[in-house]
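Novice: Next input, structure requested:
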Amino acid sequence: MSDERRIEVQTPKGTFSVWTRRVGEHPTKKLLLLHGGPGATHEGFEIFEQYIPADAVELYYYDQLGSYRSDQPDEPELWTVARFVDEVEQVRSALNLDADNFYLLGQSWGGLLAMEYALAHQQQLKGLIISNMMSSAPDYGRYAENVLMPSMDPAVVNELKELEAAEDYSNPRYEELLMEHHYQYHVLRKPLDQWPAAVMRMIEHINHGIYVPMQGPSELGIRGTLADWDRSEDLGRITVPTLVIGAAHDTMDPAHMSWMAEQLPNGRSLICPDGSHLAQYDDPEHYFPGLLRFIDDVDNSRRAKS
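Specialist: Residues are numbered from 1 along each chain as shown. Here you go, the predicted model:
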């Protein structure tokens, strides 16, 4: 069973609508998916339907405000963490999700947003999944600078930095260098000509008017308005059952993501040994069994206590 629905969200700049789609049906396991970016799309999650049976978990795809299928207002004031958190809460309420059934999964930027949502509204959650996101943007930047960049050809790094210094992000050479020397090793570990159509559509549809100001021009660290974001000291406040998913070849530090799970009172870690930033695509054999096991364990634990 599948159906699409647009949800109206109230913002300081007026009322807009966001796109959602439900797949499957389950009374106690409803999973809302927060995509990356900011400004990317739900398309990065389309593989979930291949690995999650429709009767096992009720999935909700969702394009955040400003993203492809949702309204795209030209209002830079809306692109803040707090405003996005409020949007997620409005979507949750409209979908009638609550602590008896509501699992929230955020990947990359979506993982940051999921942490922020939990810190503000965890009483609404049954379970939380932080996928491929560290709890500190500065630590992410240091990992990119000290681990990822030194593994690249120095000439490539220098050329990237020259293009960035000139703010020449629209130069085709910039994207070419990133795709060839970084993304196919740490974003999705497949040759570029084998990247799934859904991922290529997500890249095509990304809203750079949100992505660049908030994230920065690339996945080599965060250099936009999120550059100083850090919730490492607040992880202990997230008491809802939480799974932290990372990957051995991620753009994010897998050791840091394992550490995050230790800081969470009800945390669990899943590091996908063959995966990268989009581990659902390059290591689904570990990603999905671990995800489903976590959801089942939380569900069974809640049932046993009731």
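Novice: What residues sit buried inside the helix of greatest length in the chain?
Specialist: Among the segments of the chain that qualify as a helix by DSSP state H, the longest is helix 284-305. Neighbour-count burial for helix 284-305 flags 284, 286, 287, 288, 290, 291, 292, 294, 295, 298, 299, 302 (criterion: 16 or more other C-beta atoms under 10 Å). C-betas here are computed from N, CA, C, even on glycine.
Novice: The residue nearest to the first one when sequence neighbours are not counted: neighbouring residues, count only.
Specialist: Think residue 284. Distance criterion C-beta to C-beta, 6 or more residues apart in numbering; nearest residue to residue 284, sequence neighbours excluded, is residue 51 at 5.7 Å. When neighbours are counted by other C-beta atoms under 10 Å, residue 51 registers 15.
Novice: ranges for the helices of the stretch 151-300 of the chain?
Specialist: In the stretch 151-300 of the chain, helices defined by DSSP state H, counting those that start in this stretch lie at 154-165, 172-178, 184-186, 197-205, 208-214, 254-263, 279-282, 284-305, listed in chain order.
Novice: looking at the ones you listed, which is closest to residue 273?
Specialist: In terms of C-beta to C-beta, the element of those nearest to residue 273 is helix 284-305, at 6.5 Å.
Novice: Show me how far the closest one is from its chain's centre.
Specialist: Centroid separation for helix 284-305 versus its chain: 19 Å, with C-alpha atoms, centre = their mean, to the nearest Å.
Novice: For the residue lying closest to residue 89 once chain neighbours are set aside, report the pLDDT, please.
Specialist: Ranked by C-beta to C-beta, 6+ apart and with sequence neighbours excluded, the top spatial neighbour of residue 89 is residue 121, at 5.6 Å. For residue 121, the pLDDT comes out at 98.
Novice: Tell me who's in contact with residue 121.
Specialist: By C-beta atoms under 8 Å, 6 or more residues apart in numbering, the contact list for residue 121 reads 85, 89, 92.
Novice: could you flag which of those are buried?
Specialist: Using 16+ other C-beta under 10 Å, the buried ones in the contacts of residue 121 are 85, 92.
Novice: Same list, the contacts of residue 121, but as CSV with secondary structure, pLDDT and distance to residue 223 please.
Specialist: Listed next are the contacts of residue 121 as CSV, based on DSSP: H, G, I helix; E, B strand; the rest coil; pLDDT from 0 to 100; distance: C-beta to C-beta, whole Å:
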residue, secondary structure, pLDDT, distance to residue 223
85, helix, 98, 22
89, helix, 98, 28
92, helix, 98, 31
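Novice: rewinding a little: not counting the longest helix of the chain itself, show me its contacts.
Specialist: The list of residues contacting helix 284-305 from outside it, by C-beta under 8 Å, 6+ apart, reads 28-29, 31, 47-48, 50-52, 56-57, 103, 105, 126-127, 129, 241, 243, 245, 268, 270, 272-275, 279-280.
Novice: Pull up the distance across stretch 27-39, start to finish.
Specialist: End-to-end distance of stretch 27-39 (C-alpha to C-alpha, to the nearest Å): 31 Å.
Novice: cool, and stretch 6-25?
Specialist: 18 Å.
Novice: got it, and stretch 122-139?
Specialist: For stretch 122-139, the first-to-last residue distance is 25 Å (C-alpha to C-alpha).
Novice: can you list the weak-confidence ranges in this structure?
Specialist: The model of the chain has pLDDT under 70 over residues 1-2, 306.
Novice: where do the strands sit along it?
Specialist: 2-11, 14-23, 30-34, 58-63, 102-107, 127-131, 242-247, 267-272 (DSSP state E).
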